[in-house]
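Enquirer: Predicted model and sequence below, questions to follow.
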Amino acid sequence: MTPKLKQFFSELELTPIATNKNLKRFIYKNDTIVSFPFLNKFELPGLVFKLLKKCPTNIEAMSVKDFWTPLLGEKNCSNILTPILNGIYATPCEQLKFSDVFNTDFSFKDQNYFTYLKFLKSKMNDVKSVSFEAGMEQLPIKLGSILKDHISLNNEQVSFPPNSLICIDSSNILKNGNADIYSHSIMSTSIQRLNGSYGILFSGRKNILGILCNHQIFSFNQDPSYTIMSKVLLSKPELTKILSQLFKQNISISHYQVSQWPSGLPLYNHSRQDKIRTLNLKEYAYFGNYTSGISLRSLIEQTL
Ligand SMILES: Cc1cc2nc3c(=O)[nH]c(=O)nc-3n(C[C@H](O)[C@H](O)[C@H](O)COP(=O)(O)OP(=O)(O)OC[C@H]3O[C@@H](n4cnc5c(N)ncnc54)[C@H](O)[C@@H]3O)c2cc1C
């Protein structure tokens with residue numbers, strides 16, 4: 001949530017609730033669980049020195065991995081950057097286009113990584129992660145109730161008036177260019193190792209992208225309850241086995257529910273922009289998470 005969105009939510013009479021504070025962030029690196037800043041005492045000093053390296057300048061052609069490798073090295077890109085990005089895009093860093101994912105409103109010429117990181121941090125001022133009482137679905141429910149007289153379902157539209165805005169999901173537009181995503185909501189034995197944390201992110205090698213500790217992020221959630229995001233559908237016995245092995249603890253799952261979005265998230269690579277460019281934009285406008293950022297913040301800000 002940004003100050004602009006705060007105003008928008010207040011107009012909708014929705015009260016945003018911030019995430020609980022001081023929670024740890026974990027990633028799964030080299031088969032171990034590590035917390036922020038994810039680097040050990042041997043890796044950190046080298047990184048501080050590299051912060052003074054000049055930033056690349058041909059950024060339009062670069063993947064996220066291309067841009068960050070001079071600072072982080074190839075291994076850290078795969079072991080640290082990919083898990084972090086998997087938590088948002090479900091896609092490894094070598095497949096993501098740098099300018100789609102990072103703010104490039106910055107003059108890269110003669111600047112070093114330290115100044116760019118400072119710039120990125122300044123853009124995060126006043127940005128908060130929020131939800132609503134009873135969860136994010138409050139937002140579409142509220143919008144639906146305000147707009148109910150303008151919504152009609154199952155209409156076959158044969159012609160569109162000029163200036164129509166087409167909002168369908170990205171798999172209709174990008175076709176094979178999307179990432180599959182599955183979300184498993186479970187109630188289970190408390191996972192001791194994740195106590196006091198948002199959860200843990202993975203490189204995706206074991207198909208799991210991340211585990212969220214719902215009850216720790218927002219106190220209104222059932223305690224304990226977890227959401228496991230993955231690239232494949234996992235059955236309850238499969239999840240029990242994976243979690244028990246990962247956390248070296250007997251896990252029993254009392255409630256299991258799965259949601260799936262095959263081809264659900266746009267892949268923010270070079271082909272996305274190429275496909276968007278080939279759309280007929282003369283009479284219609286297209287709008288969705290394939291036109292700019294993936295977050296609800298970015299979608300809402302495009303309309304304000
Ligand atoms: C599991 C998951 C977790 C996420 N978590 C977060 C988060 O915590 N924070 C955040 O900011 N973002 C999150 N996102 C991202 C964000 O929710 C999405 O980017 C956003 O909802 C996409 O909105 P959209 O309008 O582009 O597409 P959609 O939400 O997919 O909406 C498109 C709509 O078009 C309809 N449609 C499709 N084809 C047709 C047709 N031919 N005719 C009529 N209607 C059609 C669909 O039924 C759908 O209702 C998450 C996404 C996923 C999948």
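Expert: Cool, got the structure. Remember, predicted model here, so these are calculated numbers, not experimental data.

Enquirer: Now the longest strand along the chain - C-alpha only, PDB.
Expert: Secondary structure of the chain read by DSSP state E shows that its longest strand is strand 253-266. The C-alpha trace of strand 253-266 is given here as PDB (Å, rounded to 0.1, in the frame of the first residue of the first chain):
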ATOM      1  CA  ILE A 253      -2.200 -32.000   8.000                       C
ATOM      2  CA  SER A 254      -5.700 -31.500   9.400                       C
ATOM      3  CA  HIS A 255      -7.100 -29.300   6.600                       C
ATOM      4  CA  TYR A 256      -6.100 -29.200   3.000                       C
ATOM      5  CA  GLN A 257      -7.400 -27.100   0.200                       C
ATOM      6  CA  VAL A 258      -5.900 -26.300  -3.200                       C
ATOM      7  CA  SER A 259      -6.400 -23.600  -5.800                       C
ATOM      8  CA  GLN A 260      -4.800 -23.700  -9.200                       C
ATOM      9  CA  TRP A 261      -3.900 -21.100 -11.800                       C
ATOM     10  CA  PRO A 262      -2.400 -23.100 -14.700                       C
ATOM     11  CA  SER A 263      -0.700 -20.400 -16.900                       C
ATOM     12  CA  GLY A 264      -1.800 -18.000 -14.200                       C
ATOM     13  CA  LEU A 265       0.900 -15.500 -14.000                       C
ATOM     14  CA  PRO A 266       2.400 -13.600 -16.900                       C
END
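
Enquirer: which outside residues touch it?
Expert: 89-91, 169-171, 174, 176-188, 225, 233-234, 236, 239-240, 272, 289-290, 294 (Cβ atoms under 8 Å, 6 or more residues apart in numbering). For glycine as for every other residue, the C-beta is placed from the backbone atoms N, C-alpha and C.

Enquirer: Please name the residues that touch the residue in the stretch 201-304 of the chain that the ligand sits nearest to.
Expert: Closest contact between the stretch 201-304 of the chain and the ligand, by Cβ to the nearest ligand atom, is at residue 288 (3.0 Å). Residue 288 makes contacts with 167, 168, 169, 170, 173, 299, as judged by Cβ under 8 Å, 6+ apart.

Enquirer: And it, how far from residue 156?
Expert: Distance of residue 288 to residue 156, computed by Cβ to Cβ, to the nearest Å: 21 Å.

Enquirer: does residue 240 count as helix, strand or coil?
Expert: helix (DSSP: H, G, I helix; E, B strand; the rest coil).

Enquirer: list the contacts for residue 36?
Expert: The contact partners of residue 36, taken as Cβ under 8 Å, 6+ apart, are 24, 25.

Enquirer: rerun that using 6 Å as the cut-off
Expert: residue 25 (Cβ atoms under 6 Å, 6 or more residues apart in numbering).

Enquirer: ranges for the strands of this structure?
Expert: 16-18, 24-29, 32-35, 130-132, 164-166, 178-188, 197-201, 208-213, 226-230, 253-266, 284-286.

Enquirer: Show me which helix or strand of this protein is least confident by mean pLDDT.
Expert: strand 284-286 (a mean of 82; mean pLDDT, DSSP states H and E).

Enquirer: Any residue of that one touching the ligand?
Expert: No: using Cβ under 6 Å from any ligand atom, strand 284-286 never reaches the ligand; the gap is at least 9.7 Å.

Enquirer: Tell me which residues of that strand come out buried.
Expert: residue 286 (16 or more other Cβ atoms under 10 Å).

Enquirer: Give me the contact list for it.
Expert: Against strand 284-286 from outside (Cβ under 6 Å, 6+ apart): 164, 165, 166, 279.

Enquirer: For the first one, which non-adjacent residue is closest in space?
Expert: This means residue 164. Spatial nearest neighbour of residue 164, excluding adjacent residues (Cβ to Cβ, 6 or more residues apart in numbering): residue 284 at 5.1 Å.

Enquirer: Now do the one you found against residue 147, distance only.
Expert: Counting by Cβ to Cβ, the gap from residue 284 to residue 147 is 20 Å.

Enquirer: and if you look at residue 155?
Expert: The value you get for residue 155 to residue 147, if Cβ to Cβ is used, is 15 Å.

Enquirer: which of those two has more neighbours?
Expert: residue 147 (9 against 6; other Cβ atoms under 10 Å).

Enquirer: circling back: single out the most deeply packed of the strands of the chain.
Expert: Across those, averaging neighbours per residue (mean count of other Cβ atoms under 10 Å) puts strand 208-213 on top, at a mean of 25.

Enquirer: What angle do strand 197-201 and that one make with each other?
Expert: 170 degrees (axes from the mean of the first three to the mean of the last three Cα atoms, to 10 degrees).
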